[in-house]
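1. no sequence on this one, just coordinates:
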């Protein structure tokens with residue numbers, strides 16, 4: 001099937017001459033003036049592979065046509081040639097500024113016309129093929145990244161579940177904390193733009209929350225599984241799970257990249273810090289505590305309160321609500337408390 005070339009020129013002799021040069025290799029469509037161009041292009045848009053214009057008429061008489069062509073993306077998709085005579089050569093700069101690729105000088109040399117047309121059409125065909133290939137490769141990469149992200153999330157959740165298995169907990173704790181984290185993080189994103197949370201950051205925080213207690217894998221069973229109150233020495237040892245978890249996750253930096261690794265480390269290291277500086281391991285206060293860790297801290301405390309642990313029975317969601325909002329579980333920021341209050345019903349629904 002022949003490629004289509006559109007010729008727009010008010011001079012019939014010019015059109016006939018060009019048609020005679022082109023018609024053995026190309027399907028030729030003619031218009032008498034630029035006013036008809038838009039109608040023809042809209043009808044034949046997918047088929048046209050080159051345009052030849054009497055540009056003095058189009059530029060001087062109707063620049064709007066070129067504005068419309070630019071809006072349609074014609075200049076990016078097919079080569080455009082100016083048809084001009086010797087006396088019009090001084091206007092060539094203006095033609096190029098309008099967006100043309102080349103010019104065809106009258107009287108026409110048939111071989112030159114065909115060579116210029118073939119060269120530009122080959123360039124544009126290669127460009128189109130490259131764009132298609134790039135789009136296909138981009139979609140393929142997106143799909144591979146999606147699958148990689150899903151695999152990464154499963155591995156991360158598996159790591160969290162390993163810790164929970166040692167803690168005689170089921171993997172449900174990890175899933176609940178992730179779900180609580182998503183609700184709270186989305187609320188922060190919506191109501192407090194100063195923290196700069198985006199959909200991607202929310203997803204990263206949710207994923208990383210699965211490893212908030214990864215450091216407990218290095219805590220002795222005699223402490224981790226003790227069904228009674230820990231001694232002061234044992235409690236100090238338990239508190240080291242934050243630093244140990246952060247150190248473990250440092251080894252994954254090259255795999256996960258800086259941003260995600262930092263989120264994971266921040267959550268593992270700081271989710272027991274409290275807004276008034278009375279948390280651990282470093283006694284950070286206020287927004288020295290990363291927002292990711294503040295969010296996971298509330299999610300983790302809420303789940304710890306409403307579920308059974310080896311050392312305690314669960315409390316009701318209402319009691320957990322009062323304990324968190326009254327500061328019995330440590331001081332959270334006013335922003336986190338307001339966030340928790342707004343979402344308390346949604347959090348409770350996740351308990352089943």
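-> That came through, no problem. Please read all numbers here as calculations on a predicted model, not as lab measurements.
2. How about the strand or helix carrying residue 298, which residues are buried there?
-> Here residue 298 sits within helix 291-306, counting by DSSP states H and E. By neighbour count on 16 or more other C-beta atoms under 10 Å, the buried set for helix 291-306 is 291-306. The way it works is simple: take the backbone N, C-alpha and C, and place the C-beta from them, glycine included.
3. how far away is residue 252 from residue 124?
-> 47 Å (C-beta to C-beta, to the nearest Å).
4. ok, which stretches of the stretch 251-352 of the chain are helices?
-> 253-256, 258-270, 291-306, 317-325, 334-349 (DSSP state H, counting those that start in this stretch).
5. Out of those helices, which gets the lowest mean score?
-> Comparing mean pLDDT across these, the weakest is helix 253-256, with a mean of 79.
6. Give me the distance between that one and the centre of its chain.
-> 19 Å (C-alpha atoms, centre = their mean, to the nearest Å).
7. sorry, back to before: show me the one of the helices of the stretch 251-352 of the chain that comes nearest residue 72.
-> The closest of the helices of the stretch 251-352 of the chain to residue 72 is helix 258-270. By C-beta to C-beta, the value is 39.8 Å.
8. what's the closest one packed up against?
-> On a contact count with 3 or more C-beta pairs under 8 Å, 6 or more residues apart in numbering; DSSP states H and E, helix 258-270 meets helix 199-209, helix 241-250, helix 291-306.
9. List the contacts of the one helix or strand residue 19 maps to.
-> Residue 19 is part of helix 12-22, with elements assigned from DSSP H and E. Contact with helix 12-22 is made by 5, 7, 9, 28, 30, 32, 52, 54, 83, 104, 106, 108, 110, 113-114, 117, as judged by C-beta atoms under 8 Å, 6 or more residues apart in numbering.
10. Put together TSV for the helices of the stretch 251-352 of the chain, with distance to residue 73 on each row.
-> Putting these into TSV (distance: least, C-beta to C-beta, whole Å) gives the following:
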stretch	distance to residue 73
helix 253-256	39
helix 258-270	35
helix 291-306	42
helix 317-325	56
helix 334-349	45
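11. low-confidence ranges in the stretch 151-300 of the chain?
-> Across the stretch 151-300 of the chain, the ranges flagged by pLDDT under 70 are 151, 157-171.
12. same thing but 90
-> 151-175, 210-211, 217-218, 221, 224-229, 248-258 (pLDDT under 90).
13. A helix includes residue 144, no?
-> Yes: applying DSSP: H, G, I helix; E, B strand; the rest coil, one finds residue 144 inside a helix.
14. Tabulate the helices and strands packed on helix 258-270 (JSON lines), appending distance to residue 281.
-> Formatted as JSON lines, the helices and strands packed on helix 258-270 follow (distance: least, C-beta to C-beta, whole Å):
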{"stretch": "helix 199-209", "distance to residue 281": "18"}
{"stretch": "helix 241-250", "distance to residue 281": "5"}
{"stretch": "helix 291-306", "distance to residue 281": "12"}
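15. Most widely separated two among the buried residues of helix 291-306?
-> Across these (C-beta to C-beta), the longest gap, 23.3 Å, separates 291 and 306.
16. Excluding chain neighbours, what is closest to residue 246?
-> Using C-beta to C-beta, 6 or more residues apart in numbering and skipping the chain neighbours, the partner closest in space to residue 246 is residue 269 (4.0 Å).
17. Could you pull up the residues touching the one you found?
-> Contacts of residue 269 (C-beta under 8 Å, 6+ apart): 242, 243, 245, 246, 281, 293.
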